[in-house]
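Peer 1: Model the structure of this input:
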Amino acid sequence: MSEMDKQLIDLMQAKFPVAARPYHEIAQQIGSTEQDVYNRVALLYEQDRIRRIGPIFDTYKIGYVSSLVGAVIPPERLDEVAAMVNKHPEVTHNYERNHEFNMWFTLIAPGYGRIEEILEQMRRETGVREFYSMPFTARYKVWVEFSTTGQDLNKPGPTLFKKDKTDSPCEITRADIPFVRAIQINIPFELRPYQAIALKAGMTEDAVIEKIRDWKKRHIIRRWGAIVRHQKIGYDHNAMGVWTVPPDRVDEYGMKIAAFDTVSHCYTRKAPPGWPYNLYSMVHGLSDQECIQAIETIAREVGLTQYGALFSQREFKRSDMEYFPDSDMKYFEEMD
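Peer 2: The predicted structure is shown next:
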């Protein structure tokens, strides 16, 4: 990649402009022209280095919930079962990891009851009973941006978010659903993308820009920018750190682990029977050894001895969630 490409990838992940002419704004920041920036971004799309540009929603604030699912699959059936699991649109990420719990995927749905229905359907379809839902009970960090220049991308420090017993602290109304549909997945690749969104959403360009800015401030949109294909920019390896922590000190350790720059995600999760780990973190690196070193450094500095590192062996699925498809609308009949 050229230095300009690296600059663009870093800038567009962290600070993609919410302004009428975003590529003009970027050009001003890096000393280029609007058309040159636009052409370079088109090439990054072609090379699959940029996967999409758009929002990452706080799932819970728009009426959905998510869960990490760990499964024990006979090794000889992994490909077969993965194909069955991947057919469900609610599955967004699915990986093989090096453990007896060898399949891990994310489920997003309008309520935990719906998640359990999907898992039971998977059990019937596959004949495998050992699918275990592990919803988070506390979140300390979520930040997925990958620097190609070695510069700090303004990673946030740890913050504690405790999930209450309700399904979702929803912060939008039915009137907002068309807007979610208009901006989710990938915004139009045009010099004035917000104008194209406005036409789709039945709004003005200024209203679209103002609403995105407002939702960012309220953290309904956790991040607005480029989502990259991390394997294509050098981050080929990742490991999920799993930790056994005394329940009365889990927030303390969660905040400590989340404070490490190498950690992109950190959660407390409900553990299934026979699974001793209740705290989870994710690290990405240029090699398995780099990931191991990051996890060992964390263990040493925070003083934890019961932990493991689950490495991604294969990626079965990586996709973006489509919120509010027609098939989900029956779950939102009582939304204000």
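Peer 1: Nearest residue to residue 66 in space, please, no chain neighbours.
Peer 2: Nearest residue to residue 66 in three dimensions, chain neighbours excluded: residue 108, at 4.6 Å (C-beta to C-beta, 6 or more residues apart in numbering). (C-beta placed from N, C-alpha, C; glycine too.)
Peer 1: Equivalent analysis for residue 80, please.
Peer 2: Nearest to residue 80 is residue 126, by C-beta to C-beta, 6+ apart, at 8.0 Å.
Peer 1: Just give me the neighbour total for the one you found.
Peer 2: Applying other C-beta atoms under 10 Å, we find 18 residues neighbouring residue 126.
Peer 1: still on that earlier bit, number of residues surrounding the residue nearest to residue 66?
Peer 2: 20.
Peer 1: so which helix or strand takes in it?
Peer 2: Following DSSP states H and E, one finds residue 108 within strand 103-109.
Peer 1: Equivalent analysis for residue 305, please.
Peer 2: Short version, using DSSP H and E: residue 305 is in no helix or strand.
Peer 1: Could you report the separation of the closest residue to it other than its chain neighbours from residue 244?
Peer 2: With sequence-adjacent residues excluded and distances taken as C-beta to C-beta, 6+ apart, residue 305 is closest to residue 299, at 7.0 Å. Counting by C-beta to C-beta, to the nearest Å, the gap from residue 299 to residue 244 is 11 Å.
Peer 1: Contacts for the strand of greatest length in the chain, please.
Peer 2: Counting by DSSP state E, the longest strand found in the chain is strand 307-318. The contact list for strand 307-318 (C-beta atoms under 8 Å, 6 or more residues apart in numbering) reads 82, 85-86, 91-99, 101, 103-105, 237-244, 277, 288, 291-292, 295, 299.
Peer 1: Kindly give a single PyMOL line that selects the buried subset of those.
Peer 2: Those of those that count as buried under 16 or more other C-beta atoms under 10 Å are selected in PyMOL with:
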select buried, resi 82+85+91+92+93+94+95+96+97+99+101+103+104+105+237+238+239+240+241+242+243+277+288+291+292+295+299
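Peer 1: Narrow the contacts of strand 307-318 to those in strands?
Peer 2: Short answer: the contacts of strand 307-318 in strands (DSSP E) are 91-97, 103-105, 237-243.
Peer 1: which intervals of the stretch 1-150 of the chain have sub-threshold pLDDT?
Peer 2: By pLDDT under 70, the low-scoring segments of the stretch 1-150 of the chain are 143-150.
Peer 1: Residue 271 and residue 15, how far apart?
Peer 2: As judged by C-beta to C-beta, residue 271 and residue 15 stand 38 Å apart.
Peer 1: Look at residue 171 and give its secondary structure.
Peer 2: What DSSP: H, G, I helix; E, B strand; the rest coil gives for residue 171 is coil.
Peer 1: Quick check: chain neighbours aside, which residue is closest to it?
Peer 2: Excluding its sequence neighbours, the residue lying closest to residue 171 (C-beta to C-beta, 6+ apart) is residue 61, at 4.5 Å.
Peer 1: likewise residue 278?
Peer 2: Nearest non-adjacent residue to residue 278 (C-beta to C-beta, 6+ apart): residue 271, at 5.0 Å.
Peer 1: before we move on, what SS does the one you found have?
Peer 2: Quick answer, by three-state DSSP: residue 271 is coil.
Peer 1: Thanks again, I'm all set now.
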